[in-house]
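structure for the following, please:
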Amino acid sequence: MIKNHLLVSAKQAPSLNYNKRPNGEVSLVVIHNISLPPKEFDNDYVEQFFTNKLDFSVHPYFKTLLGIEVSTHLFIKRDGRVVQFVPFDKRAWHAGQSNFAGRENCNDFSIGIELEGDDNLAYEEVQYQVLKTTLEQLKTYYAITDVVGHSDIAPGRKTDPGNIFDWKRIR
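Okay, here's the model as predicted:
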């Protein structure tokens, strides 16, 4: 259930990395993946990164993230737990330079959902279940017309959620 632009079942971990949507439109969902460090799961580093609390000295890879301020609306962990960083009516900073159907700046009109994962590792059954349920809820609350991968809106720059992602599972 969505109430006040928040997914009621999600843990709330507010990020400062967002701003106002230019026209309030929400019509696209972008699926991403992330793990910190890469291919390592079951830790809180992604949450720390999206909330600007990551200790960059903990792992050598984290130094490559210095100065980057990003966020997403939702993060679905491998065990199905969901964390929300930005209310859906706000513009999370997840898509970067992007284009969908001739429209630039997909952050302006999209919701970003990160799956804990990697392009080349199978996603968990529970992640697909939670994602599908979440998409159904979003579509009842917002005028969502399309669900795409980050690779679809930033081809050549991004590859997530990866070729292993099974789109049929959420359609």
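
and the strands in this structure?
Using DSSP state E, the strands of the chain run over residues 2-3, 6-7, 11-12, 18-20, 28-34, 74-76, 82-84, 90-92, 99-100, 103-104, 110-116, 146-149.

which one, of the ones you listed, ends up nearest to residue 58?
strand 28-34 (16.3 Å; CB to CB). Using the backbone N, CA and C atoms, a C-beta is placed for each residue, glycine as well.

sheet partners, orientation included, of that closest one?
Pairing partners of strand 28-34, with direction, according to DSSP bridges: strand 110-116 (parallel), strand 146-149 (parallel).

what angle sits between the longest helix along the chain and strand 28-34?
The longest helix of the chain (DSSP state H) is helix 125-141. In terms of direction (axes from the mean of the first three to the mean of the last three CA atoms, to 10 degrees), helix 125-141 departs from strand 28-34 by 160 degrees.

what sits closest to residue 56 if chain neighbours are left out?
Computed as CB to CB, 6 or more residues apart in numbering, the closest residue to residue 56 that is not its neighbour in sequence is residue 62, at 4.5 Å.

which residues are in contact with residue 78?
41-42, 116-117, 123-124, 126-127 (CB atoms under 8 Å, 6 or more residues apart in numbering).
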